[in-house]
Structures are given as C-alpha cells and as structure tokens.
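A.B. asks: show me the folded form of this:
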Amino acid sequence: MTPTAFLAYCAAVTLAAATPGRAMFAVITNGVSRGFLRAFMAGLGVAAGDAVLVTLALLGLVALAQTFEWIFLLLKYAGAAYLIFLGVRMWRASVAQSNEPRTAPER
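C.D. replies: Residues are numbered from 1 along each chain as shown. Take a look at the predicted model:
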C-alpha cells in the first residue's frame, strides 16, 4: 500500500468514526459520565474496529477478484458492449430527428 493510499484510508476511517451514530453516542456518553480518558479510549476502539472491518472487507473483495478473474473480465466486456450499444442508439436517434420536417408549434 502506498503512503498516499494509506493516508486516504486513514482520512476515510476518521470521517466515518466522526459521523454521528451509535458509536459516537457511546463515545460522548463515556466522555460526559466518565471523563476524557474513557471517551478517548472508546473513540480509539471505534476507529480500530472500523479499520479492521474495512480491511477485512477489502481483503475479501480482493480475494474474490483474484479467484474469479474471468467474471470481472466478462463484466468489463459486457459494460463496454453496453456503452457501444447506447452510443449507436443515440447516434441513430439523432439522425432520425434531423430527417423529420420541422413544423411550427401549434398554439
């Protein structure tokens, strides 16, 4: 992992940990009732848990991509064929519209 990718990952985890939710509610509750140190430790626990969860999810996706490489290749070609289909369809629609005689709009 490059340092840039790692920093982007850390920024994403920090933003995810800072968004309001059950985890942040737990951190705030600890801060109000038990003090800064307990809230800080709870926040670190939430961030570490998020980091582990995202890392495992990404490792699972990488394993799927490496195991079923042919499926991703098939999806890539299907996507390219679909984009070509849309381009041809738009091209034909523009030719059909230019061949129609223009009439004044009715009032």
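A.B. asks: in which helix or strand does residue 32 reside?
C.D. replies: helix 22-34 (DSSP states H and E).
A.B. asks: same question, residue 10
C.D. replies: Assigned by DSSP H and E, residue 10 belongs to helix 3-18.
A.B. asks: in the protein, what helix or strand scores lowest on average pLDDT?
C.D. replies: helix 3-18 (a mean of 82; mean pLDDT, DSSP states H and E).
A.B. asks: per-residue confidence at residue 35?
C.D. replies: We have a pLDDT of 93 for residue 35.
A.B. asks: please apply the same query to the one 4 residues further on.
C.D. replies: As summarised for this prediction, residue 39 has a pLDDT of 93.
A.B. asks: do the same with residue 88
C.D. replies: 94.
A.B. asks: do residue 57 as well
C.D. replies: At residue 57, the model reports a pLDDT of 90.
A.B. asks: which strands and helices sit next to the helix holding residue 32?
C.D. replies: Where contact means 3 or more CB pairs under 8 Å, 6 or more residues apart in numbering; DSSP states H and E, helix 22-34 is packed against helix 3-18, helix 36-67. Backbone N, C-alpha and C define where each C-beta goes, glycine included.
A.B. asks: reformat these as CSV; add distance to residue 92.
C.D. replies: Shown next, in CSV, are the helices and strands packed on helix 22-34 (distance: least, CB to CB, whole Å):
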stretch, distance to residue 92
helix 3-18, 42
helix 36-67, 36
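A.B. asks: great, nothing more from me.
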